[in-house]
Structures are given as structure tokens and as C-alpha cells.
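K.L.:
Sequence and computational prediction follow.
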Amino acid sequence: MDAATCEPATTGAEATPVFSVGGLWKVFGPKGAAAKVPGSEHADLPAAELRERTGCTAAVRDVTFDVRKGEVFVVMGLSGSGKSTLVRCLTRLIEPTAGTLAIDGEDVLAMDAGRLRSLRRHRAAMVFQHFGLLPHRTVMDNVAYGLEIQGVSRAERRARAADMVAKVGLEGLEDRRPGQLSGGQQQRVGLARALAADPEVLLFDEPFSALDPLIRREMQDEVARLHHDEGRTMVFITHDLAEALRLGDRIALMRDGRIVQLGTPEEIVGSPADDYVRDFVRDVPREQVLTVRSAMRPAAVGESERGPALAPTTTVVDAIEAVARSGGPARVVERGRCLGIVDDAALLAVVAGLPAATRREVAA
């Protein structure tokens, strides 16, 4: 294998996105005035000035993104950034003002009431921050409630509910009522209820923000485990950067209703789009997020055959340890193919936050 083999392989055409969102707006205010904001001279006004001139609030402004099948797509931002409004627009729990919206290529905005009910019951299930459990029903009956609404027989819905209760670790608690459960257990009931409908995509609206840190971590582990086991598509809303970096395959960072940067956790941390994003990620330990892809260089003749092999997803902190143990450069290898080489100088340049161009000079 020579240096020429250390080039990334190309990928084929991607499948139809689960959700495809284009130029989406949600403007609150007088109906006639709200409908006129997108595309008008008022569209780019700051929030306060827009309210003063039109009486409207633009919660979502000209948002465009795709959600790929099987990914965890995280939308994050501070309070008031528009993230919760956006996720509700995906199933028209809140009606968008303008733009395009499709699920598996089907126009969501053109759906009639029947198709919308089907979308919400079978294809996209929501897990809310405030669990929404029925206090007079048991855990089992709460989990089965959505299936009951769908008209599923009692025997089938109880069997499916029992499977979901076991899946989220609530065995033995089937006959308890919500008031007898901890906050984390109640959130597991809400998750099991969403899973019972076997939806194509799970929508999470800040589901763990009311939980204490330890239970929140446990629930993050649970979501990560379910995604690993099932590969189910998830859209996850959060204001917590650590949570977004931990769970997200890609992150859309919102501010004032707009997406200011969309990318992988590594792209968000390693190449902030502007000062706002840079401030957001300032305290993130870069070496725990960035991977060896950000530090590798092409292999010289013979280098692709020696040194420890690292996966492209290896974090910089783990790569530094591997290089230190070996006493020399390491190979970045994927499916038996050498993608590049990393050494201690380039890895430390990444940790120091040097610009990409400088890192390339160091790596060379």
C-alpha cells in the first residue's frame, strides 16, 4: 500500500431524507401581518424592531435542513432561539407560516387532517419535557395509551407495552402510577409510550431539562443505547451543549430563529462559524470532541504500513495516548484502508486550537 491509497473513499448518492425542511418560517402575530413578513423588507429586522413595526414575532426564520435516516439530529440554542417551535412545526402541531416541509418526500403542508393524524400516531412520536402522563393510569396503561387511541386490541397493546416497559428498564413497575415514580422513571414511561407506536422518527423536546444531573445522564445513556440498538431516526431539542455534543450526529445551532451553524460536533467545536458559536463552544475540551481526521496528513512512502492503527472516529485525546505509547506516528485506518497519518505535533496543534491552515502546516 502506498501513499496514494491514503485518500478518503467517496460515497454514493444519499437516500431521501426523513425530514426535508426548506426556507421554513413561523411568525406569530395578526394573521394578515404575519403572513406578509417572510420575503418582505421586514424579514431581517431584529426581533424588537419587527414587533414594533408589524406586531409580529418571528420564532423561526428561513430555516433549511435535512434529517437523514438513522441519525440523531440535534437542534440546540438558548431559550427563545426558536428550537421548540421548530420541532412542533415538523408535525404541524404548530402551523408554519411559509416554506416547504416533507417527510420521506411527502409534502407535510399538503396533508389533510386524516394524513396528519396518521403522521403523528404512526410515523413521528413526540417525547415532551413535561411527561404528559395520565395520573390515574398505571405505567402499563400509560405506555399502551397511544395504541388504545389507535384502536389496537387490548391483548396486543398490553403485549407491546410490556415489551417497551422492559426495553426502557421499568420491569417490576408496571402497576405503579406516575405519582409513585421518580422523575427519571416518569420520563422513561414517556419514552416507552412513544416507542410503543413504533414510529419512524422520535422527536424529543428538551425531555431531560427538568431532571437532576445524575438522572439526566442516565436518560442520555438510555437514548444513546436505544439509538445504537435500533438505529431509529431522532430529532433532539436541547439548550445543553454537552448533551448536544454527546448525543448528536449533527447539530443545528439556533439563534433568534435562524440556524447559525449546522454540522457535526467536530465541525461545531473545531470550526465555529462566527463569534456567537465560538463563545458557545469556548469551554469545551476540544481534545474530547475532535477526532484524528482534524489532525491527519497524507502518508509518506512506507508510513501506511507501520505504527498503531486508529479508527477515524478516535478522539484526539485517545490518539495522543496511542502515539505516546508507540513513540511514533499512528495510522488512521477505515475498513482496511489507510486514510492518513497523525503525529504528536499535529495532535497538540489541534488541542491548542490553532487555525486549520496552521494545523496543516504543522502536519506537513
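P.N.:
Cool, the structure landed.
K.L.:
Going C-terminal from the host helix or strand of Glu222, what's the next secondary structure element?
P.N.:
Using DSSP states H and E, Glu222 sits in helix 213-230. Next in sequence after helix 213-230, counting helices and strands by DSSP H and E, comes strand 233-238.
K.L.:
Verify the contact between Ile149 and Arg121 for me.
P.N.:
Yes: under the criterion of CB atoms under 8 Å, Ile149 makes contact with Arg121 at 7.2 Å. For every residue, glycine as well, the C-beta is placed using N, CA and C.
K.L.:
which of those two has more neighbours?
P.N.:
It is Arg121, of Ile149 and Arg121, that has more neighbours when counted by other CB atoms under 10 Å, with 15 against 12.
K.L.:
measure Gly263 to Cys89 for me?
P.N.:
As defined by CB to CB, to the nearest Å, Gly263 lies at a distance of 22 Å from Cys89.
K.L.:
sorry, back to before: show me what counts as buried in the helix holding Glu222.
P.N.:
For helix 213-230, burial by neighbour count (16 or more other CB atoms under 10 Å) applies to Ile215, Arg216, Arg217, Met219, Gln220, Glu222, Val223, Leu226, His227.
K.L.:
Please list all residues in contact with the third one.
P.N.:
Looking back up the chat, that one is Arg217. Contact analysis of Arg217 by CB atoms under 8 Å, 6 or more residues apart in numbering lists nothing.
K.L.:
Next one: it from Gly184, what distance?
P.N.:
Distance from Arg217 to Gly184, counting by CB to CB: 10 Å.
K.L.:
so where's the stretch 251-364 of the chain uncertain?
P.N.:
Applying pLDDT under 70 to the stretch 251-364 of the chain flags the ranges 303-304, 353-364.
K.L.:
hey, where'd the helices end up in it?
P.N.:
For the stretch 251-364 of the chain, the helices defined by DSSP state H, counting those that start in this stretch occupy 265-270, 275-280, 286-289, 316-326, 344-351, 356-363.
K.L.:
The ones you listed into a markdown table, with extra columns for distance to Ser79?
P.N.:
Output for the helices of the stretch 251-364 of the chain, formatted as a markdown table (distance: least, CB to CB, whole Å):
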| stretch | distance to Ser79 |
| --- | --- |
| helix 265-270 | 19 |
| helix 275-280 | 14 |
| helix 286-289 | 24 |
| helix 316-326 | 32 |
| helix 344-351 | 32 |
| helix 356-363 | 32 |
